[in-house]
Every structure is written in C-alpha cells, then in structure tokens.
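**Student:** attaching a predicted model along with its sequence, questions to come.
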Amino acid sequence: MKFVIRTFFKTLRLVLGPLVLLRERLTRPAGLVRAPAAQAQVDQQCQSLALYQYATCPFCAKVRQEMHRLSLPIEKRDAQHDVKNREELTRQGGHTKVPCLKITEPAGQTRWLYDSGEIISYLRGQFAPA
Ligand SMILES: N[C@@H](CCC(=O)N[C@@H](CS)C(=O)NCC(=O)O)C(=O)O
C-alpha cells in the first residue's frame with residue numbers, strides 16, 4: 001500500500017512538475033529596480049538568508065516569484081535531491097518541509113521560517129519599499 005501511494009505521488013510530481021516550472025517562467029514578475037547603493041545593501045542582507053526548496057514545489061515557486069519581484073539574490077538550496085541540504089533542514093530546522101527560509105541573525109543565531117505565506121510576509125516586511 002505504501003509503495004502504491006509513494007508511486008502515485010511520484011508520478012503526480014513527474015506530471016505536474018514541468019507545469020509548475022512553465023507557469024513560474026510565464027508569470028515571472030518584473031524585478032524591482034533600486035538605486036545601485038540600495039541594491040548593494042539588499043544584496044549584502046540576502047547573504048544571511050538561504051531558501052531550502054524543491055524546484056517543482058508550487059509553494060516554493062510562489063516564494064521564488066516574490067524573491068524575483070523584490071530582486072532578492074537569496075541562495076536556493078535543493079532539499080529534494082541534495083542529501084546534505086535535506087539533512088540540514090530536517091536536523092536544524094526540525095521538519096522535512098519546503099519552502100523553508102534559513103535566517104542568520106546579525107548576532108549569529110539562526111531561525112528557520114517555514115510556510116510560503118510566512119516567508120513571503122517576512123520578505124515583504126524586510127525588503128518591500130514603504
Ligand atoms: N502550507 C505549506 C505547504 C508546504 C508543502 O506542502 N510542501 C511540500 C512540498 S510541495 C513538502 O514539503 N512535503 C514534504 C516532503 O516532500 O517531504 C506552504 O505554504 O509552504
């Protein structure tokens with residue numbers, strides 16, 4: 001039974017995955033244009049962030065679109081095929097779920113923010129123009 005369920009979801013992902021990627025590409029928003037100094041500051045802030053994600057996860061695609069809209073060069077870490085990233089996410093974050101944003105605070109401590117809606121709200125709060 002477990003095998004059947006796993007095969008079902010694997011097949012679903014194989015079929016829907018390319019559609020998720022195509023939709024993402026076709027609906028990609030224009031990126032925010034900032035003054036060079038402001039963008040350099042944003043680029044610097046983004047170095048303390050990393051998005052754990054799957055390429056074909058629709059929730060991850062939603063977050064990637066927002067990153068693109070806000071022109072945020074946040075490192076993307078594949079937690080589907082890269083075992084090291086997956087283990088890091090599970091062990092340090094607490095759940096094997098994507099998307100998850102790893103936030104390294106200036107003092108050095110890390111926060112693991114799950115849920116696409118929460119991540120998008122955080123990014124808007126930090127980086128959207130007032
Ligand atoms: N409500 C969550 C849903 C996230 C979700 O269901 N992610 C799936 C991938 S599309 C997942 O991580 N599943 C666990 C797994 O694949 O191990 C969100 O908006 O981020």
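**Tutor:** Thanks, I have it.

**Student:** where do the strands of the chain begin and end?
**Tutor:** 49-53, 75-78, 100-104, 110-114 (DSSP state E).

**Student:** now these in a markdown table, with mean pLDDT, mean neighbour count and distance to residue 121?
**Tutor:** C-betas here are computed from N, CA, C, even on glycine. Shown next, in a markdown table, are the strands of the chain (pLDDT from 0 to 100; neighbours: other C-beta atoms under 10 Å; distance: least, C-beta to C-beta, whole Å):
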| stretch | mean pLDDT | mean neighbour count | distance to residue 121 |
| --- | --- | --- | --- |
| strand 49-53 | 98 | 23 | 14 |
| strand 75-78 | 98 | 15 | 19 |
| strand 100-104 | 98 | 20 | 11 |
| strand 110-114 | 98 | 14 | 9 |
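
**Student:** in TSV: those, plus distance to the ligand.
**Tutor:** Below are the strands of the chain laid out as TSV (distance: least, C-beta to the nearest ligand atom, whole Å):
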stretch	distance to the ligand
strand 49-53	9
strand 75-78	12
strand 100-104	8
strand 110-114	7
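
**Student:** reformat these as TSV; add distance to residue 26.
**Tutor:** Below are these laid out as TSV (distance: least, C-beta to C-beta, whole Å):
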stretch	distance to residue 26
strand 49-53	19
strand 75-78	20
strand 100-104	25
strand 110-114	27
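
**Student:** which of these sits closest to residue 93?
**Tutor:** Residue 93 sits nearest to strand 110-114 of all the strands of the chain, at 3.7 Å, using C-beta to C-beta.

**Student:** show me what from this structure comes close to the ligand.
**Tutor:** Proximity of the chain to the ligand, by C-beta under 6 Å from any ligand atom, involves residues 54, 57, 59, 96, 97, 98, 99, 115, 116, 117.

**Student:** now, the most widely separated pair of these?
**Tutor:** Longest span within these, C-beta to C-beta: 96 and 117, 19.1 Å.

**Student:** with neighbour numbers in mind, choose between these two.
**Tutor:** The neighbour comparison of residue 96 against residue 117 (other C-beta atoms under 10 Å) goes to residue 96, with 13 against 10.

**Student:** show me the contacts for residue 88.
**Tutor:** residue 52 (C-beta atoms under 8 Å, 6 or more residues apart in numbering).
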